[in-house]
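In: Sequence plus the predicted model coming up.
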Amino acid sequence: MKQIVTIGGGIAGIEASTTLAQMGYDVTIIEKDKNTGGKMNEWNVLFPNERPATEITDYLYKKINNSNLHILTGTTISKATRKPNGSYSLLTDKNEKLHADTILISTGFEPFDATKKEEYGYSIYENVITSVDLENMLRKGQPILTSKGKKPKRIAFIHCVGSRDAKCGNKYCSRVCCVTGIKQAIECSRQLPDSEMFCFYLDIRMFGLEWEKLYQSAQEEYNVQFIRGRMSEACENQDESLIIKAEDTLSGLPLKMKVDLIVLLVGITPGKGTKDMASMFSLEREENGFLHIDDPHFGKNYSSKKGVFITGTCVGPMTVDETLENARSAAVEIDNYLTKIK
């Protein structure tokens, strides 16, 4: 039986691995954290239909019960040796030895570190939070309050934090920030019906089939207001409210606004695990740090190294449905590859 090692136990790694196990391959998932599921464990509901994120993880965990599938959590790969036949000998940090006829890398992503945009005040002002922070609050059912325990009257959502920003080195669009901000603005509006929600955006990119409806609903049903312009800086008043300085790029005029809470919609960046695996397996990376794919049309799951496959957001920003589809595609490509070398 051919053996496959998947490095990364997020939703892409689980979906691809369980599919391969169902095909009859012996698959081992290596996950550095104590639990599998990755960033999905930190999400509340998904756009555009507000499906609970737990439905995704429940679906994946039901597929795990397969004798061909093995999961090692709290584990990392410390050494990889390529054999003459193209297979790999792996050593974990727990001194476990593994054989792999193929490797699948699914090391996921990390949210952009908002402290790099010091002018936005994250970690400086208590009432500046990220979309990740807000999602965790919503997931835990916590009330949305200011640092003084009051209901915010005005909340500003700042788009493209760490995306489409040459100054921080990320020129690409993270694809999910616009719709995440709109989803969260709607959730906040429901919880705080007497409060105002403002989205500061460069361009609203709602490319999903149902996403435009969400955008329209935010305006028509929840009175979310959209201001085209990037925030230049935020500063704090004595009462810990915040002043936003921005430019309304439609009117060309400078803008100042007092708000009680700022939510920074942070983008998707390559995780440390992606960099580490690129180094370990001598894989090419793009200028933006994501793993290089062999061909954008015919080889999206093929890395620059034969026998090493890639899937999920280690390749680039993806939505949840795109990630799952990409994972299934990886399983098919690995099956084709192993069938040819039998």
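Out: Looks like it came in fine. Residues are numbered from 1 along each chain as shown.
In: G289 touches K272, doesn't it?
Out: No. G289 is beyond contact range of K272, at 10.3 Å (criterion: CB atoms under 8 Å). Just so you know, the C-beta spots here come from the backbone N, C-alpha and C atoms, and that holds for glycine as well.
In: Neighbour count for the two, which is higher?
Out: The neighbour comparison of G289 against K272 (other CB atoms under 10 Å) goes to G289, with 16 against 10.
In: Where does the more buried one sit: helix, strand or coil?
Out: coil (DSSP: H, G, I helix; E, B strand; the rest coil).
In: so how far is stretch 101-115 from its chain's centroid?
Out: Relative to the centre of its chain, stretch 101-115 is centred 9 Å away, using CA atoms, centre = their mean, to the nearest Å.
In: my bad, stretch 26-37
Out: The mean C-alpha position of stretch 26-37 is separated from the chain mean by 18 Å, CA atoms, centre = their mean.
In: buried set for it?
Out: Residues D26, V27, T28, I29, I30, E31, K32, T36, G37 are the ones in stretch 26-37 that count as buried (16 or more other CB atoms under 10 Å).
In: Output the residue ranges of the helices in the stretch 151-300 of the chain, listed in chain order.
Out: Here the stretch 151-300 of the chain has its helices, by DSSP state H, counting those that start in this stretch, at 177-191, 211-220, 272-280.
In: among these, which is nearest I124?
Out: Set against I124 and scored by CB to CB, these come closest in helix 177-191, at 21.4 Å.
In: What residues of the closest one count as buried?
Out: Per 16+ other CB under 10 Å, helix 177-191 contains these buried residues: 177-189.
In: L60 in helix, strand or coil?
Out: Here L60 is recorded as helix under three-state DSSP.
In: Can I get the helices of the stretch 151-300 of the chain in a markdown table including mean pLDDT and distance to Q238?
Out: Formatted as a markdown table, the helices of the stretch 151-300 of the chain follow (pLDDT from 0 to 100; distance: least, CB to CB, whole Å):
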| stretch | mean pLDDT | distance to Q238 |
| --- | --- | --- |
| helix 177-191 | 97 | 25 |
| helix 211-220 | 96 | 33 |
| helix 272-280 | 96 | 39 |
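In: how about those, which one is nearest D260?
Out: Of all those, helix 177-191 sits nearest to D260, with 11.4 Å by CB to CB.
In: just checking, what packs against the closest one?
Out: Packing partners of helix 177-191 (3 or more CB pairs under 8 Å, 6 or more residues apart in numbering; DSSP states H and E): helix 131-139, strand 154-161, strand 196-201, helix 211-220, strand 261-266.
In: This structure - how does it break down into domains?
Out: 3-108+271-340, 114-267 (automatic domain parsing).
In: The shortest one: how far from the chain's middle?
Out: Right, domain 114-267. Distance, stretch centre to chain centre, for domain 114-267: 18 Å (CA atoms, centre = their mean).
In: cool, and the longest one?
Out: Domain 3-108+271-340 sits 15 Å away from the centroid of its parent chain (CA atoms, centre = their mean).
In: Just the endpoints, please. Distance across it?
Out: Domain 3-108+271-340 stretches 15 Å from its first residue to its last (CA to CA, to the nearest Å).
In: re the thing from before, which one of the helices of the stretch 151-300 of the chain lies nearest to S241?
Out: helix 177-191 (16.8 Å).
In: thinking again about what came up before, ok, so of the buried residues of stretch 26-37, who is nearest A330?
Out: Using CB to CB, the buried residues of stretch 26-37 come closest to A330 at V27, 11.9 Å.
In: surely E286 meets H292?
Out: Yes. Using CB under 8 Å, E286 makes contact with H292 at a distance of 5.5 Å.
In: higher neighbour count, those two?
Out: Set side by side, E286 and H292 show more neighbours around H292, with 16 against 13, by other CB under 10 Å.
In: Need the nearest residue in space to the more buried one, chain neighbours excluded.
Out: Among residues not flanking H292 along the chain, E284 sits closest, at 3.8 Å (CB to CB, 6 or more residues apart in numbering).
In: Low-confidence stretches in this structure?
Out: For the chain, the stretches with pLDDT under 70 are 342.
In: Would you mind finding the longest helix in it?
Out: The residue-count maximum for a helix in the chain (DSSP state H) belongs to helix 320-340.
In: how about that one: buried residues?
Out: Going by neighbour count (16+ other CB under 10 Å), the buried part of helix 320-340 is 320, 322-324, 326-327, 329-331, 333-335, 337-338.
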